[in-house]
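> Sequence plus the predicted model coming up.
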Amino acid sequence: RPETIALDVVNKMASSQSDSSCYSALLGMAEKFRTATPPKIQACVHCLQSLFQFQPPTHIEARTHLQLGGILFTHTKNAEQAKLHLEKAWLLSQTIPQLDDVCFEAACSLSELYLQQSQTHLAKPLLRKAIGMSQRSPYWHCRLLFQLAQLSAYERDMGAACELLGAGAEYAFMAGSQFTRLLFLLSKSMLMLVDKKFMEVHPLLTLCGTIIENWTGNQNQKESLRVFYLVLEACHFLVGGQVKSVKPCLKQLQQSILTITSIHSDEEPPPASVTSPADLFHWLPKEHLCVVAYLVTVMHSMQAGQMEKAQKYTDKALLQIEKLKMLDTQPILSSFQLMLLEHIIMCRLVMGHKLTALQEIAQACKLCTQNTKLMDRHRSQLHTLLGLYSMSMNCMESAEAQFNTALRLATHTELWMFISLNLAIVYLRCGNRHAELVSLLERIDPERIHSNSLSMKAAAYYVRSLQMFFQTRYNEAKLYLRETLKISNAEDLNRLTSCALTLLGHIFLSLGNARESMNMVAPAMQLATKIPDTHIQLWASALLMDLYRLTGDQLKESEGFQMHNSFTQQLLKDHFQSSQQPEHNLINWTDGLCPVQLLHSPDGASTSSL
């Protein structure tokens, strides 16, 4: 074997050459094996381990331990050996002047390994010590601050994470790095959004936007910062249910993506453009930036009731992710993929495509079973999606069980609200769950809910109007619907608008006011067709059929009947096909591990364009 022959040559050299020649030969061969196609990791490791036989100087020993630890950590499952070498590199390098790169890289890699092994109690003091030692090394000091902030965020200690990022911003400013200062400030803004600190994040985002607009430095860096800022601004509006306000952000974001893909290079900027050693960072590679832009567009399209646009950009994003996964195994790609699936599944259910939604739910479950962290963070969402699917299949007992499981696991207020509103609709549709319904509605009263989302508040008014409708308290129902329409019209929440108009039309029809009913149902049908929302179309077409019968318009009544029958047959066919799939049994999963045997059926592949 070539590696065996090469090692024999080195062994022979050892008897006739100086130690330094042997070090160079072994290191050269190790690098050659590492960069071979495919990499020969075992031979590379063997070369590096052989170097210790020559008792190298401490600085070479430390660097070799770092290399071995990094290779074992990255390319093998031998985490304990990787940890042993990295710990030796960290300890040895602290005793040697001018070996900062080995010392701090060992600290970064070792803390990542500790985190992977859920040993954060070892990672945090290590990073704090390294941060204290790195004050005169701007690049490493900033990198270590980012890493400790990420670790604090992972532990949900957002206050500590934001404090570290704030310290990083001040350090970068003193080091003369406006670019990295903005990365720290934008990262802090991102965590504040996650932590629902909406009042505090607004002035910080405004400051960042102003600095970016006045930027006169490297154009690549400016566009990268602009994308980061626009994504956060769009998410700020989306979390607040301010869908209409997102449109200008999205337009600018798409323009920035076009600019950055034409000029951006993921390689380090040329030395002339780097004003500080702390400048050698970037937020995301350009390919990832494109995926993020698509994801934000999908989120907006879903909330705005533009299902076909959401589908179009989901397909683009998933295709990009599949291409990237061939070369890149970063976990963030799976997170992006899962978030896209969560949104498009809801869109499919609105459009009446239950079979496709079910297949994509199975995909989402499969992604989570492959990554325990994803499962921990998204299990509540998975049960929410299964609850929505169960509702669409009229399996109300399963829907209730799924939503209650999701509520038990939910950690975010907005998700809890969303689940509760859907559970309330389940209770309303069951008709015999009055006590549970009253108890739940008290917690999601639109006048008292602790939600920053306008869309959530509008939905809460709509659910309350449904309750009044089923109790034939029509005047009260109309009052609640007017509140829904006030918000949904102002923010372009098309699906809520179509739902509210259809229910208003039903109320007017029940009151015998055919003219007012028609004035509500006709635009509701147009809007539902534009979305498209098959269930609202079915409901509205039934109302139109009754209205035409009342007015004696037999031709339009017949057209209404044909339309209603077409929607019915479409939904029934999809309902039957979905019920026959093995994945349909996921609606019975509420406890324990996900039943993976349901995720690998021949028919389980998604029909989405991947």
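Sure, I can see it.
> From the contact counts, what lies against the biggest helix by length in the chain?
As assigned by DSSP state H, the longest helix anywhere in the chain is helix 554-579. Packing partners of helix 554-579 (3 or more Cβ pairs under 8 Å, 6 or more residues apart in numbering; DSSP states H and E): helix 354-369, helix 534-551. Backbone N, C-alpha and C define where each C-beta goes, glycine included.
> 10 Å - rerun?
Applying 3 or more Cβ pairs under 10 Å, 6 or more residues apart in numbering; DSSP states H and E, one finds that helix 554-579 contacts helix 354-369, helix 372-392, helix 534-551.
> Mean confidence (pLDDT) on it, please.
The pLDDT scores in helix 554-579 average 93.
> List the buried residues in that helix.
Glu557, Gly560, Phe561, Met563, His564, Phe567, Leu571, Asp574, Ser578 (16 or more other Cβ atoms under 10 Å).
> In JSON lines: the helices and strands packed on helix 554-579, plus distance to Ser224 and mean neighbour count.
Supplementary listing: the helices and strands packed on helix 554-579 in JSON lines, determined by distance: least, Cβ to Cβ, whole Å; neighbours: other Cβ atoms under 10 Å:
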{"stretch": "helix 354-369", "distance to Ser224": "28", "mean neighbour count": "23"}
{"stretch": "helix 372-392", "distance to Ser224": "26", "mean neighbour count": "21"}
{"stretch": "helix 534-551", "distance to Ser224": "41", "mean neighbour count": "21"}
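> Which stretch among the ones you listed approaches His236 most closely?
Closest of the helices and strands packed on helix 554-579 to His236 is helix 372-392, at 20.7 Å (criterion: Cβ to Cβ).
> now the next helix-or-strand element following that closest one, how far from the centre of its chain.
Per DSSP states H and E, the first helix or strand lying C-terminal to helix 372-392 is helix 396-409. Here helix 396-409 shows a centroid-to-chain-centroid distance of 22 Å under the convention Cα atoms, centre = their mean, to the nearest Å.
> do the same with stretch 491-509
Centroid separation for stretch 491-509 versus its chain: 31 Å, with Cα atoms, centre = their mean.
> Just the CA atoms from that stretch would do, formatted as PDB, please.
Only the C-alpha atoms of stretch 491-509 are listed here, as PDB (Å, rounded to 0.1, in the frame of the first residue of the first chain):
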ATOM      1  CA  GLU A 491     -52.000  43.900   7.200                       C
ATOM      2  CA  ASP A 492     -53.100  41.900   4.000                       C
ATOM      3  CA  LEU A 493     -53.900  38.700   6.000                       C
ATOM      4  CA  ASN A 494     -55.800  37.300   3.000                       C
ATOM      5  CA  ARG A 495     -56.800  34.000   4.500                       C
ATOM      6  CA  LEU A 496     -58.200  35.500   7.600                       C
ATOM      7  CA  THR A 497     -60.000  38.000   5.500                       C
ATOM      8  CA  SER A 498     -61.600  35.300   3.400                       C
ATOM      9  CA  CYS A 499     -62.600  33.200   6.400                       C
ATOM     10  CA  ALA A 500     -64.100  36.300   8.200                       C
ATOM     11  CA  LEU A 501     -66.100  37.300   5.100                       C
ATOM     12  CA  THR A 502     -67.400  33.800   4.500                       C
ATOM     13  CA  LEU A 503     -68.600  33.500   8.100                       C
ATOM     14  CA  LEU A 504     -70.200  37.000   7.900                       C
ATOM     15  CA  GLY A 505     -72.000  35.800   4.700                       C
ATOM     16  CA  HIS A 506     -73.200  32.700   6.500                       C
ATOM     17  CA  ILE A 507     -74.500  34.800   9.400                       C
ATOM     18  CA  PHE A 508     -76.400  37.200   7.100                       C
ATOM     19  CA  LEU A 509     -77.800  34.200   5.300                       C
END
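> Now do the buried residues in it.
Result for stretch 491-509 [16+ other Cβ under 10 Å]: buried residues 491-509.
> tell me the contacts of Ser187?
146, 149-150, 153, 161-162, 164-165, 168-169, 228, 232, 283 (Cβ atoms under 10 Å, 6 or more residues apart in numbering).
> any chance of the residues you listed in a markdown table, with neighbour count too?
As requested, the contacts of Ser187 are exported to a markdown table (neighbours: other Cβ atoms under 10 Å):
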| residue | neighbour count |
| --- | --- |
| Phe146 | 19 |
| Ala149 | 26 |
| Gln150 | 19 |
| Ala153 | 20 |
| Ala161 | 25 |
| Cys162 | 23 |
| Leu164 | 28 |
| Leu165 | 26 |
| Gly168 | 27 |
| Ala169 | 23 |
| Phe228 | 25 |
| Leu232 | 22 |
| Trp283 | 18 |
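> and of those residues, the nearest to Glu342?
Distances from Glu342 to the contacts of Ser187, taken by Cβ to Cβ, are shortest for Leu232, at 19.9 Å.
> That closest one contacts Cys249, correct?
Yes. The pair Leu232 / Cys249 is scored as a contact, 9.3 Å apart, by Cβ atoms under 10 Å.
> Where does Met468 sit: helix, strand or coil?
Classification of Met468 using DSSP: H, G, I helix; E, B strand; the rest coil returns helix.
> In space, what's closest to Leu72 - neighbours in sequence excluded?
Distances taken as Cβ to Cβ, 6 or more residues apart in numbering place Ala82 nearest to Leu72, at 3.7 Å, with adjacent residues excluded.
> returning to what we had before: from the contacts of Ser187, which ones fall inside helices?
Short answer: these in helices (DSSP H) are Phe146, Ala149, Gln150, Ala153, Ala161, Cys162, Leu164, Leu165, Gly168, Ala169, Phe228, Leu232.
> Could you check how far the third one is from Lys197?
To Lys197, Gln150 is 18 Å away according to Cβ to Cβ, to the nearest Å.
> Please apply the same query to the first one.
For Phe146, the distance to Lys197 (Cβ to Cβ) stands at 20 Å.
> can you check Leu205 too?
To Lys197, Leu205 is 11 Å away according to Cβ to Cβ.
> joint contacts of these two?
Common contacts of Leu205 and Lys197 (Cβ under 10 Å, 6+ apart): Ser189.
> Any regions of the stretch 201-350 of the chain where pLDDT drops low?
Applying pLDDT under 70 to the stretch 201-350 of the chain picks out residues 263-278.
> now with 90?
Counting by pLDDT under 90, the stretch 201-350 of the chain shows low-confidence ranges at 214-224, 239-242, 254, 256-290, 323-332.
> got it, and the stretch 401-550 of the chain?
In the stretch 401-550 of the chain (pLDDT under 90), the answer is 411-414, 431-435, 447-453.
> what are the ranges of the helices in it?
With DSSP state H, counting those that start in this stretch, the ranges of helices along the stretch 401-550 of the chain come out as 413-430, 434-443, 454-470, 474-491, 494-510, 514-530, 534-551.
> closest to Leu86 out of those helices?
Proximity to Leu86 (Cβ to Cβ) singles out helix 413-430 among these, at 38.0 Å.
> Would you mind listing the buried residues in that closest one?
414-428.
> check which helix or strand covers the closest residue to Gln178 other than its chain neighbours.
Using Cβ to Cβ, 6+ apart and skipping residues adjacent in sequence, the residue nearest Gln178 is Gly217, 6.7 Å away. Using DSSP H and E, Gly217 maps to neither a helix nor a strand.
> Next: Pro39.
Using DSSP H and E, no helix or strand contains Pro39.
> List the backbone torsions phi and psi for it.
Note on Pro39: backbone dihedrals following degrees, to the nearest 10 are phi -60, psi 140.
> residues in contact with it?
Contacts for Pro39 (Cβ under 10 Å, 6+ apart) come out as Phe33, Ile71, His75.
> so how far is Phe33 from it?
Distance, Pro39 to Phe33, using Cβ to Cβ: 7 Å.
> shared neighbours of those two, anything?
Both Pro39 and Phe33 are contacted by Ile71, under the criterion Cβ under 10 Å, 6+ apart.
> could you measure the residue nearest to Pro446 when sequence neighbours are not counted against Val596, distance?
Closest residue in space to Pro446, ignoring its immediate chain neighbours: Ala460 at 3.8 Å, by Cβ to Cβ, 6+ apart. Distance of Ala460 to Val596, computed by Cβ to Cβ: 37 Å.
> repeat for Thr216
55 Å.
> No further questions, thank you.
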